[in-house]
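A.B. asks: Need a 3D model of the following:
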Amino acid sequence: MAKLRLAAPVWAEVSARALAEAPLECCGLLAGTRAGGVLEAVAALPLVNQLASPTRFISEPAGLFKALRRAREMGLEVLAVYHSHPDGPPAPSATDLEWRWAPGVADLIVAVGGGAPQARAWDLHAALPRELALEVGGPG
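C.D. replies: A predicted model of the protein is given here:
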């Protein structure tokens, strides 16, 4: 995986949710298709952060199951996990490095502390965190 591409409506939904849930972390999944090294996210599947924490997230299990089922029903693959950093940069924290999802699944971190949301995409399964190219645009 070399690039995460978000359809414009997906970015709008994720960034709005990160702002709305601040000062707590929000979380969710991004689903879409994979073509070569490009992850093309066309759906955001929001989850509930059962910790209701400003510095950590764990998705509520029943909601996670429903989101995975919804992605499968849409014929999409889970491409990335997203979460917000209400007061930090869009870079992986030590906790993010411990609680990564699965190989081949990217992490999108959205920072909202400075007002306008900023995001960076990461592959946290390399020996060291590796930033992925992030592109936002298109109808989705």
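
A.B. asks: where along the chain do the strands fall?
C.D. replies: Taking DSSP state E as the criterion, the chain contains strands spanning 3-6, 27-35, 38-47, 77-85, 106-111, 118-123, 130-136.

A.B. asks: Need the residues that contact the third one.
C.D. replies: Just to be clear, that refers to strand 38-47. 1-7, 10, 13-14, 17, 26-34, 59-60, 63-64, 67, 70-71, 74, 76, 79-80, 82, 106, 140 (CB atoms under 8 Å, 6 or more residues apart in numbering). Just so you know, the C-beta spots here come from the backbone N, C-alpha and C atoms, and that holds for glycine as well.

A.B. asks: circling back to that earlier point, could you provide the strands of the chain in TSV, with additional columns for distance to P92 and mean neighbour count?
C.D. replies: Formatted as TSV, these follow (distance: least, CB to CB, whole Å; neighbours: other CB atoms under 10 Å):
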stretch	distance to P92	mean neighbour count
strand 3-6	14	23
strand 27-35	14	21
strand 38-47	17	22
strand 77-85	9	24
strand 106-111	7	24
strand 118-123	6	20
strand 130-136	10	15
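
A.B. asks: Could you export these as CSV, including distance to T95 and mean pLDDT?
C.D. replies: Compiled in CSV, those are given as follows (distance: least, CB to CB, whole Å; pLDDT from 0 to 100):
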stretch, distance to T95, mean pLDDT
strand 3-6, 21, 96
strand 27-35, 12, 96
strand 38-47, 17, 97
strand 77-85, 10, 96
strand 106-111, 12, 96
strand 118-123, 13, 95
strand 130-136, 18, 95
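
A.B. asks: Would you mind telling me which of those is nearest E98?
C.D. replies: strand 106-111 (12.2 Å; CB to CB).

A.B. asks: quick one: strands adjacent to the closest one?
C.D. replies: With DSSP bridges as the test, strand 106-111 is paired with strand 77-85 (parallel), strand 118-123 (antiparallel).

A.B. asks: related to what we said a few turns ago, how about the strands of the chain in CSV, adding distance to D96?
C.D. replies: Shown next, in CSV, are those (distance: least, CB to CB, whole Å):
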stretch, distance to D96
strand 3-6, 16
strand 27-35, 11
strand 38-47, 15
strand 77-85, 8
strand 106-111, 7
strand 118-123, 8
strand 130-136, 13
